[in-house]
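>>> take this sequence and fold it.
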Amino acid sequence: MHPLVRDGDVVLVAPLKQEKIHKGDVVLFTIGNGRAILHRVVRIRKNRGEEFFLIQGDHNNHSDGYFSKENIHGLMIGVERGELQISAKRFVYRNLGKLASLYLQINRNNSKPYVMVFKILKQLPLLRQYLS
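Predicted structure coming up:
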């Protein structure tokens, strides 16, 4: 999930109740063997009134697949990075998540453009705390 979530970060996850899940959100879900995974929502599809969420890690070449809301247990609400606390609900963080989601939809097999975009964004003072 780098650069928005890094090794050593403490991830804060809230139980999923009535919250709406948006494209770009990071969710906690379980796969068949019961293993919990934290990945990003890349796409949302509706089928007969029920929403299904395509989930993928930011640096994975393949998605985890579509999951219903009942398979999603929590929503990432923040990250603690040392003394810094970052809310995932902040406008900037949400839009960086949407950018990551868009990239995953466009180009799953080549991470060079993704890395270059985030290197450029990292230079902007407003985004430095999120990406540096």
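
>>> list the helices and strands the longest helix along the chain packs on?
Taking DSSP state H as the criterion, the chain has its longest helix at helix 91-106. Packing partners of helix 91-106 (3 or more CB pairs under 8 Å, 6 or more residues apart in numbering; DSSP states H and E): strand 36-47, helix 112-122, helix 128-131. Every C-beta, even on glycine, is put in place using the N, C-alpha and C of the backbone.

>>> shaky segments in the chain?
The chain contains residues with pLDDT under 70 at 1-3, 105-115, 118, 126-132.

>>> swap in 90 and give it another go.
Scanning the chain for pLDDT under 90 picks out 1-7, 16-20, 30-36, 57-62, 70-71, 81-82, 84, 86-132.

>>> quick one on the thing from earlier: of all the residues in the longest helix of the chain, which ones are buried?
Neighbour counts over helix 91-106 (16 or more other CB atoms under 10 Å) mark 93, 96-101, 103-104 as buried.

>>> how about those residues, which pair is most distant?
Greatest spacing in the buried residues of helix 91-106, by CB to CB: Tyr93 and Leu104 (16.8 Å).

>>> hang on, Val117 packs against Tyr103?
Yes: between Val117 and Tyr103 there is a contact at 7.3 Å, judged by CB atoms under 8 Å.

>>> specify the residue positioned farthest from the middle of this protein.
Within the chain, the residue lying farthest from the chain centre (CA atoms, centre = their mean) is Arg48, at 25.7 Å.

>>> just to revisit the earlier point, quick one, the longest helix of the chain and strand 36-47 angle?
70 degrees (axes from the mean of the first three to the mean of the last three CA atoms, to 10 degrees).

>>> and His62, how many residues sit next to it?
Using other CB atoms under 10 Å, His62 has 9 neighbouring residues.
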